[in-house]
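Peer 1: model the following, please.
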Amino acid sequence: RVIAQPEKILCNGFESCLGFKGGFSAYYKIACNGLKSCRDTVGSLTAPIVTCDGDIACNEKKLIATGSLPKGEQNFIACNGNKACIEANLISDKMVSCDGDCTCKDARIEAKKVECAGKRACYGARIFDANTIYGYGFNAGSLANLM
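Peer 2: Numbers count the residues shown, from 1 in each chain. Okay, the predicted model is just below:
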(Lines give C-alpha, C1' and ligand atoms only; values in the text may rest on other atoms or scores of the structure.)
Protein backbone atom coordinates (compact mmCIF):
# COMPACT_ATOMS: atom_id res chain seq x y z
CA ARG A 1 0.00 0.00 0.00
CA VAL A 2 1.44 3.38 -1.01
CA ILE A 3 0.51 6.43 1.03
CA ALA A 4 1.15 9.81 -0.60
CA GLN A 5 3.23 12.26 1.39
CA PRO A 6 1.12 15.30 2.33
CA GLU A 7 2.13 18.86 1.45
CA LYS A 8 1.58 20.06 5.03
CA ILE A 9 0.94 18.58 8.44
CA LEU A 10 -0.67 21.09 10.81
CA CYS A 11 -0.92 20.20 14.50
CA ASN A 12 -2.78 23.25 15.82
CA GLY A 13 -4.75 22.09 18.86
CA PHE A 14 -3.86 21.27 22.47
CA GLU A 15 -1.68 18.12 22.48
CA SER A 16 -2.37 17.66 18.75
CA CYS A 17 -0.41 14.96 16.89
CA LEU A 18 0.35 13.41 20.27
CA GLY A 19 1.84 9.93 20.10
CA PHE A 20 2.12 9.49 16.32
CA LYS A 21 3.96 6.25 15.56
CA GLY A 22 6.74 5.99 12.98
CA GLY A 23 7.35 9.74 12.77
CA PHE A 24 5.89 11.81 9.99
CA SER A 25 7.01 13.80 6.98
CA ALA A 26 5.61 16.34 4.53
CA TYR A 27 7.01 17.65 1.27
CA TYR A 28 6.61 21.33 2.31
CA LYS A 29 5.90 22.00 6.01
CA ILE A 30 5.16 20.52 9.43
CA ALA A 31 3.69 23.00 11.92
CA CYS A 32 3.30 22.12 15.61
CA ASN A 33 1.34 25.18 16.72
CA GLY A 34 -0.77 23.86 19.59
CA LEU A 35 0.18 23.81 23.28
CA LYS A 36 2.16 20.59 23.92
CA SER A 37 1.77 19.53 20.27
CA CYS A 38 3.96 16.94 18.51
CA ARG A 39 5.05 15.28 21.74
CA ASP A 40 5.57 11.62 22.49
CA THR A 41 5.79 10.75 18.80
CA VAL A 42 7.94 7.82 17.75
CA GLY A 43 10.39 8.74 14.99
CA SER A 44 11.38 12.05 13.45
CA LEU A 45 9.42 14.95 11.97
CA THR A 46 10.85 15.68 8.51
CA ALA A 47 10.01 18.46 6.02
CA PRO A 48 11.81 21.39 4.37
CA ILE A 49 10.14 23.69 6.93
CA VAL A 50 9.41 22.57 10.51
CA THR A 51 7.87 25.01 13.01
CA CYS A 52 7.17 24.48 16.70
CA ASP A 53 5.22 27.61 17.62
CA GLY A 54 3.18 26.07 20.42
CA ASP A 55 4.37 26.39 24.00
CA ILE A 56 6.07 23.18 25.19
CA ALA A 57 5.87 21.76 21.63
CA CYS A 58 8.33 19.33 20.01
CA ASN A 59 10.23 18.54 23.20
CA GLU A 60 12.66 15.62 23.02
CA LYS A 61 11.95 15.17 19.29
CA LYS A 62 14.17 14.73 16.26
CA LEU A 63 13.30 17.45 13.75
CA ILE A 64 14.86 17.43 10.28
CA ALA A 65 14.54 20.30 7.78
CA THR A 66 15.67 19.04 4.42
CA GLY A 67 14.30 18.82 0.88
CA SER A 68 13.55 20.99 -2.13
CA LEU A 69 11.78 24.33 -1.88
CA PRO A 70 10.80 26.94 -4.46
CA LYS A 71 13.60 29.25 -5.53
CA GLY A 72 14.38 31.87 -2.90
CA GLU A 73 13.13 29.83 0.06
CA GLN A 74 15.44 28.00 2.45
CA ASN A 75 15.05 25.03 4.75
CA PHE A 76 14.65 25.89 8.41
CA ILE A 77 13.46 24.81 11.82
CA ALA A 78 11.75 27.47 13.95
CA CYS A 79 11.13 26.81 17.65
CA ASN A 80 9.11 29.86 18.70
CA GLY A 81 6.89 28.64 21.52
CA ASN A 82 7.99 29.12 25.11
CA LYS A 83 9.85 25.99 26.27
CA ALA A 84 9.60 24.48 22.77
CA CYS A 85 12.21 22.04 21.43
CA ILE A 86 13.73 21.33 24.85
CA GLU A 87 16.22 18.44 24.59
CA ALA A 88 15.35 18.08 20.89
CA ASN A 89 17.68 16.98 18.10
CA LEU A 90 17.42 19.74 15.44
CA ILE A 91 19.00 19.15 12.03
CA SER A 92 18.67 21.63 9.15
CA ASP A 93 20.42 22.11 5.82
CA LYS A 94 20.31 25.88 6.46
CA MET A 95 18.94 27.45 9.67
CA VAL A 96 17.58 26.77 13.16
CA SER A 97 15.84 29.61 15.01
CA CYS A 98 15.03 29.41 18.73
CA ASP A 99 12.89 32.40 19.72
CA GLY A 100 11.02 32.02 23.01
CA ASP A 101 11.68 31.60 26.72
CA CYS A 102 13.89 28.52 27.22
CA THR A 103 13.51 27.35 23.60
CA CYS A 104 16.02 24.74 22.47
CA LYS A 105 17.32 24.31 26.03
CA ASP A 106 19.77 21.40 26.18
CA ALA A 107 19.08 20.66 22.49
CA ARG A 108 21.46 19.24 19.91
CA ILE A 109 21.51 21.69 16.98
CA GLU A 110 23.13 21.05 13.61
CA ALA A 111 22.77 23.90 11.07
CA LYS A 112 24.80 26.46 9.15
CA LYS A 113 23.02 29.36 10.89
CA VAL A 114 21.65 29.32 14.46
CA GLU A 115 19.60 32.11 16.06
CA CYS A 116 18.95 32.09 19.81
CA ALA A 117 16.63 35.03 20.44
CA GLY A 118 14.60 34.32 23.57
CA LYS A 119 15.34 34.50 27.27
CA ARG A 120 17.62 31.49 27.96
CA ALA A 121 17.17 30.28 24.36
CA CYS A 122 19.73 27.58 23.46
CA TYR A 123 20.77 27.37 27.12
CA GLY A 124 23.12 24.41 27.44
CA ALA A 125 22.65 23.43 23.78
CA ARG A 126 25.27 21.56 21.76
CA ILE A 127 25.73 23.36 18.44
CA PHE A 128 27.42 21.59 15.51
CA ASP A 129 28.71 22.87 12.14
CA ALA A 130 27.39 26.45 12.49
CA ASN A 131 29.02 29.19 10.41
CA THR A 132 26.97 31.90 12.15
CA ILE A 133 25.43 31.95 15.65
CA TYR A 134 23.33 34.85 16.99
CA GLY A 135 22.39 35.28 20.66
CA TYR A 136 19.84 38.02 21.35
CA GLY A 137 17.99 37.28 24.60
CA PHE A 138 18.90 37.34 28.30
CA ASN A 139 21.28 34.41 28.86
CA ALA A 140 20.69 33.22 25.28
CA GLY A 141 23.31 30.63 24.44
CA SER A 142 24.61 30.45 28.00
CA LEU A 143 26.43 27.20 28.74
CA ALA A 144 26.12 26.16 25.07
CA ASN A 145 28.89 24.02 23.62
CA LEU A 146 30.14 24.76 20.12
CA MET A 147 31.26 21.57 18.43
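
Peer 1: helix or strand: which one has Glu60?
Peer 2: With secondary structure defined by DSSP states H and E, Glu60 is part of neither a helix nor a strand.

Peer 1: wouldn't it be in contact with Glu87 here?
Peer 2: Yes - the pair Glu60 / Glu87 is scored as a contact, 4.8 Å apart, by C-beta atoms under 8 Å. Every residue, glycine included, has its C-beta placed from N, CA and C.

Peer 1: and the contacts of stretch 81-91?
Peer 2: Contacts with stretch 81-91, where a contact means C-beta atoms under 8 Å, 6 or more residues apart in numbering, come from 32, 35, 52-66, 77, 79, 96, 98, 100-111, 118.

Peer 1: which residues of this protein score low on pLDDT?
Peer 2: Counting by pLDDT under 70, the chain has low-confidence residues at 1-4.

Peer 1: which residues in it form strands?
Peer 2: For the chain, the strands defined by DSSP state E occupy 8-11, 24-25, 29-32, 45-47, 49-52, 62-65, 76-79, 89-92, 95-98, 108-110, 113-116, 126-128, 132-135, 145-146.

Peer 1: between the ones you listed, which gets nearest to Arg39?
Peer 2: Counting by C-beta to C-beta, Arg39 lies closest to strand 29-32 out of these; the figure is 8.6 Å.

Peer 1: sheet-wise, list the partners of that closest one with their directions.
Peer 2: Each strand that strand 29-32 pairs with, and the sense of that pairing, follows from DSSP bridges: strand 8-11 (parallel), strand 49-52 (parallel).

Peer 1: centroid-nearest residue for this structure?
Peer 2: Taking C-alpha atoms, centre = their mean as the criterion, Ile77 is the residue nearest the geometric centre of the chain, at 4.4 Å.

Peer 1: much appreciated, bye for now.
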